[in-house]
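Asker: my questions are about this predicted structure, shown below with the sequence.
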Amino acid sequence: MKKIITLITIMLFCAVAAQSQTPQSTLKVAGGRPLDGSKSTEQSDSVKHQNDTKKTTYDVVELMPQFPGGDAELLKYLRSNIQYPEEAKRLKIEGKVFVSFVVEKDGNIANAKVLRGIGGGCNEEALRVIQNMPKWVPGLQGGEPVSVSFKLPIVFKKD
């Protein structure tokens, strides 16, 4: 169990660190304004996209969504709620399940899906835990709450 918790912690911090190390000159916020403060009129497709319901979902915003209490509380939530599936234990399945979801402008979690799974019940367990998360603090763009897509690796490793 300690190994699972340690791996989840490491993966979460690696994911957050990777996001924060993206060169700022390539990231743009709504309206096409680069994060480095320079002027630009072009719109970036990597920042915002339209889903089928004509609702805008952002990939990058001025203030990203946050789990209530921050990353430490997210890790605590994952630690206490993830249960290693019996089938995965029996088949000795280990690895990472990559999950994407949208933090809606009201903080609710929506559109959770497995991007890459490992089977043995781990995919379903990762989705269950993500779908049951409490409301997040929503992301902000121009001071207004917006829907933001989020990706999270969930690590399953037997002790």
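Answerer: Sure, I can see it. Small disclaimer: the values here were computed from a predicted structure and weren't measured.
Asker: sec struct for the residue nearest to residue 95 when sequence neighbours are not counted, please.
Answerer: Counting by Cβ to Cβ, 6 or more residues apart in numbering, the nearest residue to residue 95 once its immediate chain neighbours are dropped is residue 118, at 4.0 Å. For the C-beta atoms, the positions are set from N, CA and C on the backbone; glycine is no exception. Taken by DSSP: H, G, I helix; E, B strand; the rest coil, the conformation at residue 118 corresponds to coil.
Asker: please name the nearest non-neighbouring residue to residue 84.
Answerer: Leaving aside its sequence neighbours, residue 84 sits nearest to residue 156 (Cβ to Cβ, 6+ apart; 6.2 Å).
Asker: so the one you found sits right up against residue 97, yeah?
Answerer: Yes. Residue 156 sits in contact with residue 97 when judged by Cβ atoms under 8 Å, with a separation of 6.8 Å.
Asker: now for those two: what residues contact both?
Answerer: Shared contacts of residue 156 and residue 97, defined by Cβ atoms under 8 Å, 6 or more residues apart in numbering, are found at 118, 122, 125.
Asker: got a pLDDT number for residue 158?
Answerer: As predicted, residue 158 sits at a pLDDT of 81.
Asker: what is the burial count for it?
Answerer: Other residues near residue 158 number 12, with proximity taken as other Cβ atoms under 10 Å.
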